[in-house]
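# return a 3D structure for these sequence lines:
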Amino acid sequence: MPTIDFYTAAQSRAIDRYAIETQKQPGLLLMKRAAYFAYQTLKETQPDAEKIVVLCGGGNNGGDGWVLAQYALLEGRQVTAVLLGDETKIRGDASQRYRSSKRSACRPLPLTATGYRMPISSWTRFSVPA
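Residues are numbered from 1 along each chain as shown. Predicted coordinates:
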């Protein structure tokens, strides 16, 4: 499997800021592109995955996760989207995607409502950084 290089959080914020402010790209479009790339990577690395758990925080990476969950749902996969954090603190484009997920078949669950017993740290062997 090829190695994928990722940007740091600071580099990602600078790239997003440049794309939004200088290139006039809508933040939501950037979010959808990031989610699409992450979902394509997930399909390449875990092609037989039928059940997918997406962990979403309150920032824009969480927004990418909500969009990724919707892509997976559209392809017929069983998706559980888990909110890590407080929904009242989600802002901007991520908030819009979160609200959209709440209206879809992929309703977000708070981590405490999932019933998962596996430590989150052990989930990372199956994860795709987004």
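
# could you use CA atoms for every contact and neighbour count after this?
OK.

# which residues of the protein score low on pLDDT?
For the chain, the stretches with pLDDT under 70 are 1-4, 116-130.

# which stretches in it count as helices?
Remark: helices assigned in the chain by DSSP state H are 9-21, 27-45, 60-74, 92-103, 120-123.

# how about Ser101, what does it touch?
66, 70, 107-108 (Cα atoms under 8 Å, 6 or more residues apart in numbering).

# and if we set it to 10 Å?
Taking Cα atoms under 10 Å, 6 or more residues apart in numbering, we find Ser101 in contact with 63, 66-67, 69-70, 81, 95, 107-108.

# relative to Asp48, how far out is it?
24 Å (Cα to Cα, to the nearest Å).

# give the buried residues for stretch 53-68.
54-68 (16 or more other Cα atoms under 10 Å).

# repeat that for stretch 94-108.
So stretch 94-108, judged by 16+ other Cα under 10 Å, has buried residues 94-95, 97-101, 106-108.

# could you dump those residues to a markdown table with distance to Arg33?
Formatted as a markdown table, the buried residues of stretch 94-108 follow (distance: Cα to Cα, whole Å):
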| residue | distance to Arg33 |
| --- | --- |
| Ala94 | 14 |
| Ser95 | 17 |
| Arg97 | 13 |
| Tyr98 | 16 |
| Arg99 | 19 |
| Ser100 | 17 |
| Ser101 | 17 |
| Cys106 | 19 |
| Arg107 | 21 |
| Pro108 | 21 |
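
# any idea which of these is closest to Glu75?
Distance to Glu75 across the buried residues of stretch 94-108 (Cα to Cα) is lowest for Cys106, with 12.4 Å.

# my guess is that closest one contacts Trp66. True?
Yes. The criterion here is Cα atoms under 10 Å, and Cys106 meets it with Trp66 at 8.8 Å.

# residues shared between the contacts of the two?
81-82, 100.

# Ala113: which of those residues is nearest?
For the shared contacts of Cys106 and Trp66, the nearest to Ala113 is Val82 (8.9 Å; Cα to Cα).
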